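S.K.: Sharing a model prediction with you, sequence too.
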Amino acid sequence: MLSLFITLIFVSLSDCRFVESNYDYFEQTLDHFNPQDESTYRQRFHFQTTYCTESPSLCPIFLYICGEYSCDGIPDDYIQVLARNLKAVVVMPEHRYYGLSVPFNEFTTENLRFLSSKQAVCDLASFTVYFQKLFNEKYGLPENAENPWITFGVSYAGALSAWFRLKFPHLTRGSISSSGVVHAILAYPQFDEQVAASVGTTCSHYLRLTTASMEANLEANNTGTKQLFGARGLSDNDFLYYVADVAATSVQYGRQYELCNHTIRAFQTGQNPTVAFADYTTREYTKVFSVEPITYSQDELKKVHVSLATNNGNRQWWYQVGLFSFSSTLQR
């Protein structure tokens, strides 16, 4: 039986609603740990000053941390509510190697050596100092003026938020770390157990039957089964990982009712469960989460040349996951 196992999930924010904001670029240090290397890269950032309407020196600055995705704008979420109530400025720097903040045109292993959470945390510190200076100049504040900074982050970005507070306490008054993944766990069956618990006994039962059906169909008609999912180019292992993610991701990000209703209805109406699951995957899952099956291909992940237009962050993220997992293992 295929385990619904997931490590650290790559999430696209391409379908988020963004608020009106400005953006610019900052010449960010490429290697914060080698003072002899003066190389830089252009780091994109978004900023919003809409709610800072009274004394600029008193406005908090919310550092909204981007994670492993293209940072295309400031989301219209709960942080906007906080910013409005507290008259805060919101700034959102893009994570190195993602979106338009890419130091190299090729993501070879050699070029990825500067992609780490340690470098990213230092990026945040460097950016904070830069933006505070920019803010002071814009509003005619004293050169040494410091606004109260609060950091926000979710998942991997949540870990960065917590680490930033620990590493640079003098640069921030506080940190919000939502679901911050601060430890990598290589064998984590508890995730699957939580998926099953979240959907309930009935749905988890039918999901297991669906998994068994897909495995049997894959063995009997390999190409035809993958074609139902639009995943003909995937190897068997890559395909099984993909369909496992369909269920796990749906549950983790609030689509469990759609997933379960579709799955249970298939058995109640006598529909082939593999066909039903493929229908849910292609009609709902891929559109809601902006996922393309080819991104699960190991061959695709090995490609080192990525244009800015096609940079989806997958190769970078899996490099980070492997690096993070290896580092965490060594620390035990």
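M.R.: Thanks, I have it.
S.K.: Can you give me the domain boundaries for the protein?
M.R.: What automatic domain parsing lists as the domains of the chain is 22-178, 189-300.
S.K.: closest one to residue 316 among the ones you listed?
M.R.: For the domains of the chain, the distance to residue 316 is smallest for domain 22-178, at 4.7 Å, taking CB to CB. For the C-beta atoms, the positions are set from N, CA and C on the backbone; glycine is no exception.
S.K.: Between the two ends of the closest one, how far is it?
M.R.: One end of domain 22-178 to the other measures 25 Å (CA to CA, to the nearest Å).
S.K.: What of stretch 112-123?
M.R.: By CA to CA, one end of stretch 112-123 lies 16 Å from the other end.
S.K.: and if you look at stretch 159-177?
M.R.: With CA to CA applied, stretch 159-177 spans 6 Å between its terminal residues.
S.K.: just to revisit the earlier point, would you tell me which of the domains of the chain gets closest to residue 321?
M.R.: Checking these against residue 321 by CB to CB gives domain 22-178 as the closest, at 9.1 Å.
S.K.: Please, where are all the helices along the stretch 1-150 of the chain?
M.R.: Taking DSSP state H, counting those that start in this stretch to define them, one finds helices in the stretch 1-150 of the chain at 78-86, 117-139.
S.K.: most packed of those?
M.R.: Most buried of the helices of the stretch 1-150 of the chain by mean neighbour count (mean count of other CB atoms under 10 Å) is helix 117-139; its value is a mean of 18.
S.K.: separation between residue 158 and residue 45?
M.R.: 19 Å (CB to CB, to the nearest Å).
S.K.: ok, now residue 230?
M.R.: For residue 230 relative to residue 45 (CB to CB), the value is 36 Å.
S.K.: Please say which of these two ends up with more neighbours.
M.R.: Taking other CB atoms under 10 Å, residue 230 and residue 45 do not tie; residue 45 has more neighbours (22 against 15).
S.K.: For residue 292, which non-adjacent residue is spatially closest?
M.R.: Take residue 292 and drop its neighbours on the chain: the residue closest to it by CB to CB, 6 or more residues apart in numbering is residue 286, 7.0 Å away.
S.K.: Identify the residues contacting the one you found.
M.R.: The neighbours of residue 286, taking CB atoms under 8 Å, 6 or more residues apart in numbering as the test, are 230, 292-293.
S.K.: Need those in a markdown table (columns: pLDDT).
M.R.: Output for those, formatted as a markdown table (pLDDT from 0 to 100):
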| residue | pLDDT |
| --- | --- |
| 230 | 95 |
| 292 | 88 |
| 293 | 92 |
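S.K.: Could I get those in JSON lines, plus columns for distance to residue 77 and secondary structure?
M.R.: As requested, those are exported to JSON lines (distance: CB to CB, whole Å; DSSP: H, G, I helix; E, B strand; the rest coil):
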{"residue": "230", "distance to residue 77": "31", "secondary structure": "coil"}
{"residue": "292", "distance to residue 77": "25", "secondary structure": "coil"}
{"residue": "293", "distance to residue 77": "29", "secondary structure": "helix"}
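S.K.: of all those residues, which comes closest to residue 38?
M.R.: residue 292 (38.5 Å).
S.K.: got the phi/psi numbers for that closest one?
M.R.: Main-chain dihedrals, residue 292, degrees, to the nearest 10: phi -110, psi 130.
S.K.: What about it, how many residues nearby?
M.R.: Applying other CB under 10 Å, we find 13 other residues in the vicinity of residue 292.
S.K.: same deal with residue 155?
M.R.: 19.
S.K.: what's the distance between the closest residue to it other than its chain neighbours and residue 157?
M.R.: Computed as CB to CB, 6+ apart, the closest residue to residue 155 that is not its neighbour in sequence is residue 179, at 5.3 Å. For residue 179, the distance to residue 157 (CB to CB) stands at 10 Å.
S.K.: And the two? Which one has more around it.
M.R.: Taking other CB under 10 Å, residue 179 and residue 157 do not tie; residue 157 has more neighbours (25 against 12).
S.K.: What does the pLDDT read for that one?
M.R.: At residue 157, the model reports a pLDDT of 96.
S.K.: Surely it is within a helix?
M.R.: Yes. Checked against DSSP: H, G, I helix; E, B strand; the rest coil, residue 157 lies within a helix.
S.K.: where's it relative to residue 92, distance?
M.R.: For residue 157, the distance to residue 92 equals 10 Å [CB to CB].
S.K.: Correct me if wrong: residue 258 contacts residue 280.
M.R.: Yes. Residue 258 lies in contact with residue 280 (CB atoms under 8 Å); the separation is 7.4 Å.
S.K.: For the two, work out which one has more neighbours and name it.
M.R.: Comparing residue 258 with residue 280 by neighbour count (other CB under 10 Å), the higher total belongs to residue 280, at 22 against 14.
S.K.: will you turn the domains of the chain into JSON lines that also has distance to residue 311?
M.R.: Below are these laid out as JSON lines (distance: least, CB to CB, whole Å):
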{"stretch": "domain 22-178", "distance to residue 311": "7"}
{"stretch": "domain 189-300", "distance to residue 311": "12"}
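S.K.: From the contact counts, what lies against the longest helix that the chain contains?
M.R.: Ranked by number of residues, the top helix in the chain under DSSP state H is helix 189-220. Judged by 3 or more CB pairs under 8 Å, 6 or more residues apart in numbering; DSSP states H and E, helix 189-220 is in contact with helix 222-228, helix 236-252, helix 256-268, helix 273-280.
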